[in-house]
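J.: Sharing a model that was predicted from the sequence below.
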Amino acid sequence: QVQLVESGGGLVQPGGSLRLSCAASGSIFSIHVMDWYRQAPGKQRELVAAITSGGSTNYADSVKGRFTISRDNAKNTVYLQMNSLKPEDTAVYFCAADLKYYSGGYLLSNDYWGQGTQVTVSS
């Protein structure tokens, strides 16, 4: 079975930095796109950043210039470096992956999600 596990969340003061990691494990053949989403209390889940296997990236306007997404394809891991954090960045951050994996001798495709990690920006 495929699993995505996030780490790196926590409490940070405004203006501070955090680095999130998300490692995918299991019978993975390939991962096309890896994303970071976030969901604040009472709000819809929103896309924060995305990166393809070739390294193309996309960011939400609210985080451009402050967040950087990267990935290590050999480790099936995606990172989110968050700088100049603001209170409005407070949310549960989820990683997601569009991947191909082996199951029962077949090569299948699906989207997988991590369990989320809390990021709180507060003084």
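T.: Done, it's in.
J.: residue boundaries of the strands in the protein?
T.: 3-7, 10-12, 18-25, 28-39, 46-52, 57-59, 67-72, 77-82, 91-103, 106-113, 117-121 (DSSP state E).
J.: hey, which of those is tucked in deepest?
T.: Of all these, strand 77-82 has the most neighbours on average by mean count of other Cβ atoms under 10 Å, namely a mean of 22. The C-beta positions use only the backbone N, C-alpha and C, and glycine is treated the same way.
J.: returning to what we had before: would you turn the strands of the chain into JSON lines with mean pLDDT?
T.: Below are the strands of the chain laid out as JSON lines (pLDDT from 0 to 100):
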{"stretch": "strand 3-7", "mean pLDDT": "96"}
{"stretch": "strand 10-12", "mean pLDDT": "98"}
{"stretch": "strand 18-25", "mean pLDDT": "98"}
{"stretch": "strand 28-39", "mean pLDDT": "96"}
{"stretch": "strand 46-52", "mean pLDDT": "98"}
{"stretch": "strand 57-59", "mean pLDDT": "98"}
{"stretch": "strand 67-72", "mean pLDDT": "98"}
{"stretch": "strand 77-82", "mean pLDDT": "98"}
{"stretch": "strand 91-103", "mean pLDDT": "96"}
{"stretch": "strand 106-113", "mean pLDDT": "93"}
{"stretch": "strand 117-121", "mean pLDDT": "98"}
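J.: Retrieve the pLDDT associated with the residue of the chain positioned farthest from its centre.
T.: Among residues of the chain, the one most distant from the C-alpha centroid is Gly105; the distance is 28.8 Å, by Cα atoms, centre = their mean. Looking at Gly105, its pLDDT is 89.
J.: pretty sure Gln13 contacts Val121?
T.: Yes: Gln13 lies in contact with Val121 (Cβ atoms under 8 Å); the separation is 7.3 Å.
J.: so Val5 makes contact with Gly26?
T.: No: Val5 is beyond contact range of Gly26, at 10.9 Å (criterion: Cβ under 8 Å).
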